[in-house]
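Trainee: structure for the following, please:
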Amino acid sequence: MKTQSKLSNNESLPRTLWLTGLGSIAVAGNGVKRVASDLIKQVQPLLDRGGKLEASAAAAGHSVKSEIFERVDELIKTVESSVDTGLRTFGFSTRTEIDELNKKIEQLAKAVESLQSSKK
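Mentor: Below is the predicted model:
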């Protein structure tokens, strides 16, 4: 009962829900930043080691650079997949979904522009 009277006196329910959603996004964003920061800390020694391996391989006449880049690409894909899974768990859209929606918006904008120009 006290919560309802407090809501009706101070702010509307939609505003409260909006602010709650924003707070949830901020908390989730901080979690993603923390995970990304931890991953960077874990990857940096590997990158340093890879640089040393490349130098020693180059001295021996071999190139492991492409293999290192392939493994980094695999790691990036794994991280992106994990982040997407985490975002979906919290009900957020993934980067791929947002990119697809942006493409659809661009297509719709072009269609609207075409219709407007044909009416003139």
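Trainee: pLDDT score for Ser63?
Mentor: With respect to pLDDT, Ser63 has a value of 61.
Trainee: and what of the one 3 residues further on?
Mentor: pLDDT, Ser66: 69.
Trainee: which strands and helices sit next to whatever helix or strand Val32 lives in?
Mentor: With elements taken from DSSP states H and E, the one containing Val32 is helix 13-59. With contacts defined as 3 or more CB pairs under 8 Å, 6 or more residues apart in numbering; DSSP states H and E, the packing partners of helix 13-59 are helix 65-89. All C-beta atoms are positioned from the backbone trio N, CA, C, and that covers glycine.
Trainee: quick check: next helix or strand after the helix it packs on?
Mentor: Counting by DSSP H and E, the next helix or strand C-terminal to helix 65-89 is helix 95-119.
Trainee: hmm, who's touching that next one?
Mentor: Outside of helix 95-119, the residues within contact range by CB atoms under 8 Å, 6 or more residues apart in numbering are Glu80, Asp84, Ser93.
Trainee: can you tell me which of those are classed as buried?
Mentor: Among the contacts of helix 95-119, those scoring as buried are Asp84 (criterion: 16 or more other CB atoms under 10 Å).
Trainee: quick one: pLDDT of the residue nearest the centre of the chain?
Mentor: Taking CA atoms, centre = their mean, the centroid of the chain lies closest to Arg95, which sits 5.5 Å from it. On pLDDT, Arg95 comes in at 77.
Trainee: and for Gln107?
Mentor: Gln107 carries a pLDDT value of 91.
Trainee: tell me the spacing between it and Leu53.
Mentor: Using CB to CB, to the nearest Å, Gln107 is found at 46 Å from Leu53.
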